[in-house]
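>>> compute the structure for the input listed below.
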Amino acid sequence: MSREDQRQFSSLETLRFFASLIIVAFHYTFYIFRHDLFKGYLAVDLFFVLSGFVITLAYQARIHSTRSYGVFIKKRIARLYPLHLLTLLLYLAIALAATHGMVRVDNPAKYNLHEFFANLTLTHAWGFAHGFSFNVVSWSISAEFAAYLLFPLILWLMSRGLIAGIIILSIIYSSAFLFSIYIMHLPLTKLDWQFGIARAIPGFALGVWLRLYLPLFSSKLPKPAAIWLFYFSLFLFTSCILFSLNDYLGMASASALVMFAAINDSMGQSHIISHPILSQRGELTYSLYMVHPLVASVFIAGIFLRIFGDSMIAVYGSIFVAFAIALVLSTLCHKYFELPLQRLVLQLGQKKSVSALPVTSSSELPAPDRV
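Got it, this is the predicted structure:
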């Protein structure tokens, strides 16, 4: 989002960051205890809806030709691929070291070199993978990139009208549910490396629809009702995660949370997650999301538990230290790797007169894309 959009929809930035924290906690506790303590994976479904909303907010009126579509995809690649490639190569180094007996890994299947090409091309959530591999969270980046490729089509379909959009969304969700249950034999919320695009595209499309018709909802809903519906959806989503309620209720509450957070932002209403100090942390979401599994692989499994054992103190201490390391590394990574590489990719192929422009938030291509 642009800085203006970030200010207007500040709570969405906070939601992004909180969702990443939920996923970090989910993965770190699972890494230690080897079972789900809560349903943190539902935060990924919140991400998909958020993504559809903010991408529409940023690009709704900016894709009108093949060239502008190419610019959009280039900006998406610049935003996602450098950090994905970095973490993939670091995991590849671990895999090669394990192959030569230099290190011991707890889950050799994750380092299957046959899965490298699908990871490299960001297609490993398109039905081409055979299991979790390398940076396991990147399946969602692969699924989301498929949604980016389809964005003009999704935007066109959702723009057919409020009721038409609801009907099309019903068809998309129904198809995804039927595919997950009868073809994949899994709940939709459990599709990840298997065929994660079937999970991502419906949520992304819903986010597009929410953004398109947000002014209509905002004009019809009284302010007191909007704020109470936001708190109710926040309570329901949190309850679904912490108390392992129904997955599909969790998906619905995640969508409602995005919707009512955006409605309250558009009304200028402050609430518990709209404070600027919280929303500013949203810029760390992607780096924290991508870096934290590597921290777990190296520091939790590779160092802490092997040195200090698996006592209760060692277990909880390793989680605390790993989280602190992940937060520091994600901050450094965002500032010194993400943004510089983003600028570099965006400047590729540009004329010198364009690439030499000062890099500011208002520059079209050289500036980092904050979505």
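>>> in stretch 322-338, what's buried?
Neighbour-count burial for stretch 322-338 flags 322-323, 325-327, 329-331, 333-334, 337-338 (criterion: 16 or more other CB atoms under 10 Å). Yep, even glycine has a C-beta here, placed from its N, CA and C like the rest.
>>> same question for stretch 145-164.
145-148, 151-152, 154-155, 157-158.
>>> which residues sit against that stretch?
Contact partners of stretch 145-164, identified using CB atoms under 8 Å, 6 or more residues apart in numbering, comprise 48, 51-52, 55-56, 59-60, 63, 69, 72-73, 76, 80, 122, 125-126, 165, 168-169, 197, 200-201, 204-205, 208-209, 212-213, 216.
>>> ok, stretch 37-44 next?
With CB under 8 Å, 6+ apart as the test, stretch 37-44 has contacts from 19-20, 22-23, 25-27, 29-30, 140, 189-190, 199, 237, 240-245, 247, 250-251, 254.
>>> check stretch 264-272 too.
The contact list for stretch 264-272 (CB under 8 Å, 6+ apart) reads 8-12, 214-215, 218, 223, 226-227, 230-231, 234, 261, 274.
>>> circling back: filter the contacts of stretch 37-44 down to the buried ones, PyMOL style.
Command for PyMOL that selects the buried part of the contacts of stretch 37-44, burial taken from 16+ other CB under 10 Å:
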select buried, resi 19+20+22+23+25+26+27+29+30+140+189+199+237+240+241+245+247+250+251+254
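>>> out of the contacts of stretch 37-44, name the ones that lie in helices.
Here DSSP state H is the test, and those give 19-20, 22-23, 25-27, 29-30, 140, 199, 237, 240-242, 247, 250-251, 254 as lying in helices.
>>> still on that earlier bit, using TSV, lay out the buried residues of stretch 322-338 together with distance to Y289, pLDDT and secondary structure.
Output for these, formatted as TSV (distance: CB to CB, whole Å; pLDDT from 0 to 100; DSSP: H, G, I helix; E, B strand; the rest coil):
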residue	distance to Y289	pLDDT	secondary structure
A322	15	89	helix
F323	13	91	helix
I325	15	93	helix
A326	10	93	helix
L327	12	93	helix
L329	12	94	helix
S330	8	95	helix
T331	13	94	helix
C333	11	95	helix
H334	11	93	helix
F337	14	95	helix
E338	12	94	helix
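>>> just give me the neighbour total for the nearest residue to S297 once chain neighbours are set aside.
Counting by CB to CB, 6 or more residues apart in numbering, I94 is the residue found nearest to S297 once chain neighbours are left out, at 6.9 Å. If you count neighbours by other CB atoms under 10 Å, I94 ends up with 19.
>>> ok now do I94, which residues does it touch?
I94 neighbours (CB under 8 Å, 6+ apart): 103, 105, 111, 297-298.
>>> in what helix or strand does it lie?
In this assignment (DSSP states H and E), I94 forms part of helix 66-99.
>>> which strands and helices lie in contact with the helix or strand immediately after that helix in the chain?
The helix or strand immediately downstream of helix 66-99 is helix 116-120, counting by DSSP H and E. Applying 3 or more CB pairs under 8 Å, 6 or more residues apart in numbering; DSSP states H and E, one finds that helix 116-120 makes contact with helix 66-99.
>>> okay, buried residues for the helix it packs on please.
69, 71-72, 74-84, 86-88, 90-92, 94-95.
>>> what pLDDT does the model give L150?
At L150 the predicted local confidence, pLDDT, stands at 97.
>>> let me redo that: T99
Listed pLDDT for T99 reads 84.
>>> next one: the one 3 residues further on
Looking at M102, its pLDDT reads 76.
>>> phi, psi of it?
Main-chain torsions, M102, degrees, to the nearest 10: phi -80, psi -30.
>>> low-confidence stretches in the stretch 1-150 of the chain?
For the stretch 1-150 of the chain, the stretches with pLDDT under 70 are 1-7, 31-32.
>>> one more pass at 80, please.
Across the stretch 1-150 of the chain, the ranges flagged by pLDDT under 80 are 1-8, 30-36, 100-107.
>>> what's L150 sitting at in phi/psi?
Main-chain torsions, L150, degrees, to the nearest 10: phi -90, psi 0.
>>> how much space separates it from P340?
Using CB to CB, to the nearest Å, L150 is found at 29 Å from P340.
>>> then L245?
Separation of L245 from P340 (CB to CB): 42 Å.
>>> now do S174: how many residues are near it, please.
For S174, the count of nearby residues is 11 (other CB under 10 Å).
>>> and the residue nearest the centre of this structure?
Residue closest to the average C-alpha location in the chain (CA atoms, centre = their mean): F47, at 4.7 Å.
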